[in-house]
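Sequence below, structure please.
(2 chains)
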2 protein chains.
Amino acid sequence: MTSDLILCRDDLDFVLFDWLQVESLAHRPRFSGQDRFDYASVLDVYASLATDFFAPHNKKNDCYEPEFDGERVTINPEVAVALRAFADAGLVSAAFPAQWNGMSLPGTVERAGMAYLLAANPGTAGYAFLTIANANLLIAHGERDRVSHYVEEMSEGRCFGTMCLSEPQAGSSLADIRTRAVPTGDGRYRLFGNKMWISGGDHEISDNIVHLVLAKIPDENGQIPSGVQGISLFTVPRKLIGADGQPGERNDVVLVGINHKMGYRGTVNCVLNFGEGRFRPNGEAGALGEIVGEPGKGLAYMFQMMNEARISVGLGAAALGYTGYLHALDYAKTRLQGRPRGERDPTAPQVPIIRHADVRRMLLAQKAYASGALALCLYAARLSDDIHSLENAPARDEAQCLLDLLTPVVKSWSSQWGLVANDLAIQVHGGYGYTREYNVEQFYRDNRLNPIHEGTFGVQALDLLGRKTRMSGGAAMDELNRRIASTVARARETASLGHHASTLECAWERIRIVTDELHRLDDTELQLANAAAYLEAFGHVVVGWLWLDQAIAANTLANGPRASDFHRGKLAACDYFFGWEMPKLTAWLAVLTPVETTALTMQEQWF
Amino acid sequence: MTSDLILCRDDLDFVLFDWLQVESLAHRPRFSGQDRFDYASVLDVYASLATDFFAPHNKKNDCYEPEFDGERVTINPEVAVALRAFADAGLVSAAFPAQWNGMSLPGTVERAGMAYLLAANPGTAGYAFLTIANANLLIAHGERDRVSHYVEEMSEGRCFGTMCLSEPQAGSSLADIRTRAVPTGDGRYRLFGNKMWISGGDHEISDNIVHLVLAKIPDENGQIPSGVQGISLFTVPRKLIGADGQPGERNDVVLVGINHKMGYRGTVNCVLNFGEGRFRPNGEAGALGEIVGEPGKGLAYMFQMMNEARISVGLGAAALGYTGYLHALDYAKTRLQGRPRGERDPTAPQVPIIRHADVRRMLLAQKAYASGALALCLYAARLSDDIHSLENAPARDEAQCLLDLLTPVVKSWSSQWGLVANDLAIQVHGGYGYTREYNVEQFYRDNRLNPIHEGTFGVQALDLLGRKTRMSGGAAMDELNRRIASTVARARETASLGHHASTLECAWERIRIVTDELHRLDDTELQLANAAAYLEAFGHVVVGWLWLDQAIAANTLANGPRASDFHRGKLAACDYFFGWEMPKLTAWLAVLTPVETTALTMQEQWF
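As a prediction, this is how the structure comes out:
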């Protein structure tokens, strides 16, 4: 597969350089000395890795899943080769700060590059993402000397990372975890419990694995505290680090089963038992681990990784939507079927299906969803770069609260509409689209995981309406309001965008009104009953805003010396979004003002 | 799996007896002597077959697809066992008229029964559906003495049927088929060509297979006529019928490849070559076949089977949506996660997830889609029964034109929203939903075929807007108008339904206006550019109408001695549809009045 079926480099360049102005980051100390050439070169590396090492075994990952024989997990050897190439290129630590031997790449550029890998082979890319996010958490919250071994090993691809949150009885409800961490007396802990849905949980691709595990420390009576308060975070390696600094003895963490999913099949996903006693480090049962940061703050630390993972889920969904779109576009240009409307001569040659308006409609929709989601994810990454690099504290805080507000949108909007894009990619292919001889049906299956893992759509909706829109007295909403108003004002300066500016202004005003109305309700059950519809509406307005903001940049270029078909396409995608997508707002708002109560009052026995 | 996870019998009984009044059919000669007990008994048989013979190997069909070793197709043996049981129960000919040894069951009851099989195992049920539709076509258009062998053999399950339309270069564009049928001089034909996507195209489950094949008869110069006019229809058996009346010598039809699909994996789906000369019946290459009806009318005949198949596709999509809903409901009642909003005690027990409003919203949506689609399909079947049994010719014509109008809606609405229901069934299951240890991910993959095969969504949209709404001077629209007006008037007599009645009346009026506006456009390219949005809007209004019509019946029962939770659930599903679904109309109509032209004017090079 060529890289132009994986992602559209023109779009990445536009988003990064023309729209998000990442070059300007180089004026800040964290990124000093960098330039556009550096960023372009590193994107080339990601594109090459995606093309040469990731894409070629994507279908193989799907057909031949990881297998567990009771002792060892077997994974297609191409996975290790690809990840070795990734680590050898220095890309695990691409965005790590210099003091951790990273190249301090802006996260915006790193994520743009990672999108290539996620589009080319999400199963293999998953190991890299988890490892980077794990290391980022340790860099932020671990004590340097205690975690530097892991971060260094991860940087060099010898150790991979996981995140261990869920348990069979505690999925969305993390307060109910039962894994316990018992102090050993030497500053360490022994962990006992079962963890579910652990991606990359066991394998031998890397010399070692470091699990980040949520567990509760029993109180003086040996009781597990209830609720979220008692949750702490621990590093638990698969193999203990010996005196020689090398991984040696097996820790008491064992794989008990592999989950078989409809997608992301290249990523081994496991049930792990901690402390069942199969291995007895230092002669005793219990998985040896060390605490990260302070006791009782585990969930707060883990949420850094979780929020990063949520952006990654959004990015993966956008990337899958995008590669599906590019495949559908390629097919539509080459598949001959039917004739132009009005052609009465049955001997006239058939035309490529892209000549049919409905096929173009499906392609435009995919472009609007996939490219829109990609822009959304990279906008979020740009906020993250601001948080880490702005000198001005209030400006940092503004970026932080806006990122907090947008995180549930990035996660859920990209997942939802990226999947719709993949659905349309199948539809463009007709019957061929659902055969496994083509690629698009795998993209669709892979993408179906994204609206669930790392927090379901419903969980994101509660987070947005119940928490993020209210936090700090609505500071995030105010910041978003300022940015949307700025876009509206700038769009009004361009005649061709004036109508969209008014549509956006009005849509956002409706969101603000409904937000206030919902917040004023005394009954939180009623307030949050239709939160999913709120998230739908909110997400569409946010993405409409970013489309209009991109259109301003595209319009300037389309009227300048660099004018190109690409810029006209950007503007058309924006038109499509405002013409076809923004009207959906009415339907979602219809169940919010006033709150439609059919679901709320529905009785279990009536179903 | 118990039958109550396959389909909801209460709902079938309500739809058939309380709403569609199928008992009243027994007053007509075709169904004379039948009664409700007969219908209930035959539904019991379908339910038992589904539970005992179809459901148990549904997952096996998915995991172990048909295999072709170059000589023979191997299919899980349970498929043949199930189909033998089906034929032995007399169900192939259940709805055949008495003169063909059928039991003259109303199609409405037959399809209700078949829904069990489609929900339990669409891969295995596919063979039965194709065989019945094939026989129905032969009964309608074949000369009795020439096709009676096939119909009789199919009735008894010894011969299965297929439909062979598509070719690699001719999918949606049937005018471009190249298969040719050369007269042999003895009244028969020899066929040469390649056919694609042939479900049940080759296997040894039955003694024989009869293919219904579209092909063109060369003119006197040996040229294949262009366009659809020259298309004729042929019966081509896999094995020729010997002098003893038994299938004997192999005909010149061979399987050249099996398609590997993401769903319906139990149905072998093939590329077939006709006349490649591997078998040489009577010493010559060319697949021997006989013409059905008159030359040049093949497409018209085939459209009878195609229209029947389109209803079946809708029914299959509804059935899959329904069984997914029942699985999600079962899971939601038993899976414990989280606590009621406002519960502050973290030691309080977790509650079943059905207690969360958002989960009930997802279940209600599934109920509204799946049960709504099932009602739509059975309504269409009831029209078909009217066509075959009404004495009054104008009334028959009204039923026929309404069925013609609704067929694209039945096919596409059920496919689209049945799939959405399956998506929500996964969502309710959380991470478990996308693992292959649960059933719902297979339902989703199976259902993804339905918006494509037997005519894509786009093809249905063109059929509805470009043809069906205009035919006979808008007679079908007038008939639909009368029926909707009748429902609105009756709903107004019930206070609790009055608001929905007004909503429906207004929605239908908007459809009528937009239909007229589009028909008045001179530019057919513009008129049909956004036909997909028209089909979306039209479909939702039709299903809203049927929900309101059902609600009238449910409301009467809910206020009578037979009042039950089921009736309250019906009314709640109707409320959900009007509260959450009907507002979507605005978004679809927004791109129709005036026609939004972004997709129409989008240039290929801008993508």
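
tell me which strands and helices the lengthiest strand in chain A is in contact with?
Using DSSP state E, we find that the single longest strand of chain A is strand A:189-199. Counting by 3 or more Cβ pairs under 8 Å, 6 or more residues apart in numbering or on different chains; DSSP states H and E, the packing neighbours recorded for strand A:189-199 are strand A:159-164, strand A:180-183, strand A:208-216, strand A:231-237, strand A:269-274, strand A:287-291. Glycine gets a C-beta too; all of them are placed from N, C-alpha and C.

Any idea which of those strands gets closest to residue B:111?
In terms of Cβ to Cβ, the element of the helices and strands packed on strand A:189-199 nearest to residue B:111 is strand A:269-274, at 40.6 Å.

contact partners of stretch A:429-436?
Contacts to stretch A:429-436, defined as Cβ atoms under 8 Å, 6 or more residues apart in numbering or on different chains, come from residues A:327-328, A:331, A:335, A:337, A:425-427, A:438, A:440-442, B:166, B:171-172, B:196-197, B:259-263, B:448-449, B:452-453, B:456.

And for residue A:474, the neighbour number?
Close neighbours of residue A:474, defined as other Cβ atoms under 10 Å in any protein chain shown, add up to 18.

Now for it: which residues touch it?
When contacts are taken as Cβ under 8 Å, 6+ apart, residue A:474 is in contact with no other residue.

Equivalent analysis for residue A:514, please.
A:534, A:537, A:589, A:592, A:593.

Tell me the spacing between the third one and residue A:365.
So the one you mean is residue A:589. 22 Å (Cβ to Cβ, to the nearest Å).

what do you get for the fourth one?
The span separating residue A:592 from residue A:365 equals 25 Å under the rule Cβ to Cβ.

Go ahead and confirm residue A:324 touches residue A:367.
No: using Cβ atoms under 8 Å as the test, residue A:324 is too far from residue A:367 to be in contact (11.0 Å).

which one of these two has more residues nearby?
Counted by other Cβ under 10 Å, residue A:324 and residue A:367 do not tie: residue A:324 has more neighbours, with 33 against 28.

Quick one, grab the pLDDT at the more buried one.
Residue A:324 is assigned a predicted lDDT (pLDDT) of 98.

Which positions within the strand or helix carrying it qualify as buried?
Secondary-structure element containing residue A:324, defined by DSSP states H and E: helix A:298-334. Within helix A:298-334, the residues scored as buried using 16 or more other Cβ atoms under 10 Å in any protein chain shown are A:298-299, A:301-302, A:305-329, A:331-332.

ok, now stretch A:495-513?
Of the residues in stretch A:495-513, those with enough neighbours to count as buried (16+ other Cβ under 10 Å) are A:497, A:500, A:501, A:503, A:504, A:505, A:507, A:508, A:510, A:511, A:512.

about what we covered before: list buried residues within the contacts of stretch A:429-436.
Members of the contacts of stretch A:429-436 classed as buried by 16+ other Cβ under 10 Å are A:327-328, A:331, A:335, A:337, A:425-427, A:438, A:440-442, B:166, B:171-172, B:196-197, B:259, B:261-263, B:448-449, B:452-453, B:456.

Need the helices and strands packed on strand A:189-199 in a markdown table (columns: mean pLDDT and distance to residue B:290).
Listed next are these as a markdown table, based on pLDDT from 0 to 100; distance: least, Cβ to Cβ, whole Å:
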| stretch | mean pLDDT | distance to residue B:290 |
| --- | --- | --- |
| strand A:159-164 | 97 | 65 |
| strand A:180-183 | 97 | 77 |
| strand A:208-216 | 98 | 67 |
| strand A:231-237 | 98 | 73 |
| strand A:269-274 | 97 | 56 |
| strand A:287-291 | 98 | 74 |
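
Can you name the residues of the stretch 401-550 of chain A that neighbour chain B?
Where proximity means Cβ under 8 Å from any Cβ of the partner chain, the interface of the stretch 401-550 of chain A facing chain B comprises A:423, A:426-427, A:430-431, A:433-437, A:441, A:444-445, A:448-449, A:451-453, A:456-458, A:461-462, A:524-525, A:528-533.

hmm, back to that, now the buried members of the contacts of residue A:514.
Neighbour counting by 16+ other Cβ under 10 Å classes A:534, A:537, A:589, A:592 among these as buried.

From the opening residue of stretch A:334-348 to its closing one, how far?
Its start and end residues considered, stretch A:334-348 measures 17 Å (Cα to Cα, to the nearest Å).

For the residue lying closest to residue A:599 once chain neighbours are set aside, list the residues it contacts.
Nearest-residue entry for residue A:599: residue B:361, 3.7 Å, with adjacent residues in sequence omitted and distances by Cβ to Cβ, 6 or more residues apart in numbering or on different chains. For residue B:361, the contacting residues are A:529, A:530, A:532, A:599, taking Cβ under 8 Å, 6+ apart as the criterion.

Thought residue A:264 was touching residue A:449, still the case?
Yes: using Cβ under 8 Å, residue A:449 makes contact with residue A:264 at a distance of 5.5 Å.

what's the spacing between stretch A:310-325 and its chain's center?
On the basis of Cα atoms, centre = their mean, to the nearest Å, stretch A:310-325 is displaced by 7 Å from the centre of the chain it belongs to.
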